[in-house]
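Engineer: build me a model from this:
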Amino acid sequence: MSRAAVIILIVLAVACRKEKIPLSGTATIDNRLYESDQAFYALGFSFSSASLVRTDRTPSPDISLLAETDAGGNITTVTFNGSPGFEYYPFARYGEYATVAEAKTAFGSLKTFDPSLHSWVELARPLAVNQVWLFITPGERYAKLRIVEIETGVRDDRPYAECTFEWAFQPAGTTTFP
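Structural biologist: The predicted structure is shown next:
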C-alpha cells in the first residue's frame, strides 16, 4: 500500500469517528433567567446530549431547576421540573441518606431497579443533599441522580438556586444502568 493510501485511510478514520456522548458525569443547573428576543429562558440539563440546554428550544431539556418562594421572596423549596409534555410522572425518590458516603454507595450500587416498586411524582421536591432520584425521560429512558450540593441566595435581586448532581443515563431504555 502506498504512503498516500495510508494517509488517506488515517484521515478518513479520524473524520468518521463520532464524538462519544458521556453516559454519566456531574452537572450543575440553576434557576437563572436569560432574555432572548422572543422570551425568557433558563438552562436545564439533557441526559441524551449530556449538556445544558435552553428551556425555550426543541428538544427542551429533560430537567430544569425551580426555586419556590414564600410571600417575602425567600426560597422555601428547591425542585427539579421535568420537560413539558410528560404523560406520566417522571421522578421517583430512590432514597435519602445521612452522609455523603451512604449516598455515594447507594448511587453506585443502583445498577437496576423495578419501576413498579417506586412512587413516581410530577416534581422532584424538595431536593436535599444526599438524595438519590430516578428519572424517566419523555422517550422512556432512565437516569439516576445523586444530589451533591444545593446553593440558595439572591443574585441580581432575584431568588437564586443552584443544584449540582451526579448522574448516570441508560440510553437503551432499560432499567439497568451501564
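Engineer: wait, is residue 150 part of a strand?
Structural biologist: Yes: under DSSP: H, G, I helix; E, B strand; the rest coil, residue 150 falls within a strand.
Engineer: can you pull the pLDDT of residue 88?
Structural biologist: Here, the pLDDT recorded for residue 88 equals 84.
Engineer: list the contacts of it.
Structural biologist: Contact partners of residue 88, counting by C-beta atoms under 8 Å, 6 or more residues apart in numbering, are 120, 136. Bear in mind the C-beta positions are built from the backbone N, C-alpha and C, glycine included.
Engineer: now do residue 36
Structural biologist: Contacts of residue 36 by C-beta under 8 Å, 6+ apart are residue 56.
Engineer: center of the chain, which residue is that?
Structural biologist: Centroid-nearest residue in the chain, with C-alpha atoms, centre = their mean: residue 45, separated by 4.7 Å.
Engineer: I'd say it and residue 53 touch.
Structural biologist: Yes: between residue 45 and residue 53 a contact is recorded at 7.0 Å, counting by C-beta atoms under 8 Å.
Engineer: quick check: neighbours shared by those two?
Structural biologist: In contact with both residue 45 and residue 53: residue 61, using C-beta under 8 Å, 6+ apart.
Engineer: which residues of the chain fall in strands?
Structural biologist: Using DSSP state E, the strands assigned to the chain run over residues 24-30, 34-35, 40-41, 43-46, 51-54, 63-69, 75-82, 91-96, 120-121, 123-124, 131-136, 142-155, 158-170.
Engineer: pull out the buried positions in stretch 112-128.
Structural biologist: Neighbour-count burial for stretch 112-128 flags 113, 123, 124, 125, 127 (criterion: 16 or more other C-beta atoms under 10 Å).
Engineer: sweet, I'm off.
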